[in-house]
Every structure is written in structure tokens, then in C-alpha cells.
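Visitor: Just to be clear, the model below is a prediction. Sequence and coordinates:
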Amino acid sequence: MAMMQAAPKKDRVNSSHQTFILSSDNYYGQEANKNFMSPTWCKKFMECEAEALAELRGDWIPDPDEDKTNLLVGNYLHSYFESAKAHEEFISNHSKEMISTRGKTKGQLKSDYKVADAMIDSLKNDKTFTQLYQGEKESIVTGVISGVKWMGKLDCLNLDRGYFIDLKTTQELSKRFWDSRRHRWVPFVLKYDYQLQMAVYRELVKQQYGIECEPYIVAVTKQSPPDKAVITIPHEYMEDALQRIDEQLPHFEDVIAGVQAPVPCGSCAYCREHKQLENIISVDDLLDS
């Protein structure tokens, strides 16, 4: 899509009005989010514009306990395969969350992290994975998609062999989820819109390095023992994701700029907290279509 490499139509400016330089140290900070769109934030706006805008502005902080353990477990696994130093730093920074402080298990790893260790062992002892997971770790890429600056961070980028890898943890490989947009059951990859993430990364790598890379998701489950798979995404799924971005991103940018009002989803935590009773609904409207 030629339009993706055009100069950005909207250039976000940080609060200090100085040029923002993206780095591994500030990638996850709010200044980065204010200067660049990312797959994470694009999906947030697709899910609920009102919540995403409030969070981006700092007016809304999601419940820190909601999905916190899942996030930490995922980061624990990612840090192991990034480097020994990164893993040691993660353990040092999060030991309070990881170590049990009561009962018979006092001083031991909590059960969620024992599961994470099993997932790590499953991957590190797999010959195919160790051969495949070679390249630059935590590689930052940037570019312009649909006239807006984007950023991405790849778990493992191998330019010489033309691919990149994203590590994902999940409950079960074959677990199905209802997708209200498609009105059908879908696997976890489509449920969490990972095809959008991979499509964006693929485009950013192409813009930054001039190389078309194939994305692979290496998924490992939380089962005992863990299951695992190397997953490819059909190109038409990624093209569909880029088309959705092209259609919706101009509106999201106008919402961020204050030109248009955000559309609330009506069901997330933010919307529930700010909900006012306005309409009487039928019992038939209680279930998702």
C-alpha cells in the first residue's frame, strides 16, 4: 500500500515541544505513546475510544491488579529469551510479586511463575525453537502507516533470514473465542488481533530496512506440560488488518487531537464507571450478538 510510506499527516508533539527520540529506555513511557501510534494503542482505541483516550491523557488508570499476573508472567518469559542480564533484572525488580510470603510455600516461587519456568524449559529444550530464535532481540522499528508515525518492538528480528518472531503465552492452542465482529468462533491469535500487530511490524520492518520479513508467532501454553507451536498468519488476514487501520486511524487521531469526541464502547471498566442510565432496554438486548 503506497500510502503507508507518505510523510506523516499528523505529527504529535510532546509536552516539552522538543524532538522526541525513541529508545529502549522510554519505549513503554507515556511520551512515546503521545508521539507514536503502536499496535497496543491502536487496539485499545478499536476496543473503546473513550477508555483509550482517558488512559492516554492520564485521566484513567486501569485496575493495576487486572491481568497483572498474566502480564508479569509473559514478561518473565520474554526476559529469559532476551538475555541473562534482562532476566536477572526482571527477577530483581519483581521478586516481591514472584515469591510467596506465607504458608508452606513461603520463600518459593508462586505457582504462576513455576508454570512460566515450565514454559521456558519447554522452549529452551526444543531444537527447532533454539535454531529459529536467532537474531536481534527487542528490536525497535518505526515508520509511517496511513499518514501517522508508528513504533514497534520485535521480540526477535532476523534480517538475514527474512523473518521475525513474537512470543505469546496462552491457555490452550485450540481454545476458541467468540468474535462479535466476525460473528464466529476464532482462535486466540484472531481474538487478540495479533494479526494486526504482525501486519504493522512487517510494514515497519519493510520501511526501516527495505526487507520484507515473514512474521511467526511462537506460542506456548500454560498447560502442564506446556504445548507449543510456531504459527504463521495468512497474508490476507494481515491485509485486512491494515485496511481496518487505514479506515479507522484518521478518526482515532482526530479523537486524540480533540477534534472529534471519543465513542464509548459502553461495557468496559471505564464506561461502566462513568455510565448514566439513559435508556430502558429489552431482555433480548442483554446478550452480545
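Guide: Thanks, I have the structure now.
Visitor: before we move on, which element is the residue nearest the centre of the chain in?
Guide: In the chain, the C-alpha closest to the average C-alpha coordinate belongs to T40, at a distance of 4.4 Å (Cα atoms, centre = their mean). Assigned by DSSP states H and E, T40 belongs to helix 39-47.
Visitor: Looking at that helix now, give me its mean pLDDT.
Guide: Averaging pLDDT along helix 39-47 gives 97.
Visitor: With stretch 51-59 instead?
Guide: 96.
Visitor: Dump the C-alpha coordinates for that stretch into CSV.
Guide: Extracted C-alpha coordinates of stretch 51-59, given in CSV (Å, rounded to 0.1, in the frame of the first residue of the first chain):
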residue,chain,number,x,y,z
GLU,A,51,-11.2,4.5,27.7
ALA,A,52,-8.1,4.6,25.4
LEU,A,53,-8.2,8.4,25.3
ALA,A,54,-8.7,8.8,29.1
GLU,A,55,-5.7,6.4,29.7
LEU,A,56,-3.5,8.2,27.1
ARG,A,57,-4.2,11.5,28.8
GLY,A,58,-3.6,10.1,32.2
ASP,A,59,-7.2,10.7,33.4
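Visitor: Residues touching it, excluding its own?
Guide: 30, 33-34, 41, 44-45, 60-62, 255-256, 262, 264-265, 268-271 (Cβ atoms under 8 Å, 6 or more residues apart in numbering). Every residue, glycine included, has its C-beta placed from N, CA and C.
Visitor: Pull out the buried residues from these.
Guide: Neighbour counting with 16 or more other Cβ atoms under 10 Å marks 33-34, 41, 44-45, 60, 255-256, 262, 264, 268, 270 as buried within the contacts of stretch 51-59.
Visitor: all strands of the protein, in order?
Guide: Using DSSP state E, the strands found in the chain span residues 136-145, 148-158, 163-170, 176-179, 184-187, 214-221, 228-231.
Visitor: Only the buried residues of the fifth one, if you could.
Guide: To tie it back to what came earlier, the one meant is strand 184-187. Within strand 184-187, the residues that count as buried by 16+ other Cβ under 10 Å are P187.
Visitor: tell me how far it is from the chain's mean position?
Guide: The chain centre lies 19 Å from the centre of strand 184-187; the measure is Cα atoms, centre = their mean, to the nearest Å.
Visitor: CA-only coordinates of it, as PDB, when you get a sec.
Guide: C-alpha atoms of strand 184-187 as PDB (Å, rounded to 0.1, in the frame of the first residue of the first chain):
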ATOM      1  CA  ARG A 184     -18.000 -16.700  14.600                       C
ATOM      2  CA  TRP A 185     -15.600 -18.600  16.800                       C
ATOM      3  CA  VAL A 186     -11.900 -17.800  16.300                       C
ATOM      4  CA  PRO A 187      -8.600 -18.900  17.800                       C
END
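Visitor: picking that back up, mind putting the strands of the chain into TSV with mean pLDDT?
Guide: Compiled in TSV, the strands of the chain are given as follows (pLDDT from 0 to 100):
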stretch	mean pLDDT
strand 136-145	97
strand 148-158	98
strand 163-170	98
strand 176-179	93
strand 184-187	95
strand 214-221	98
strand 228-231	98
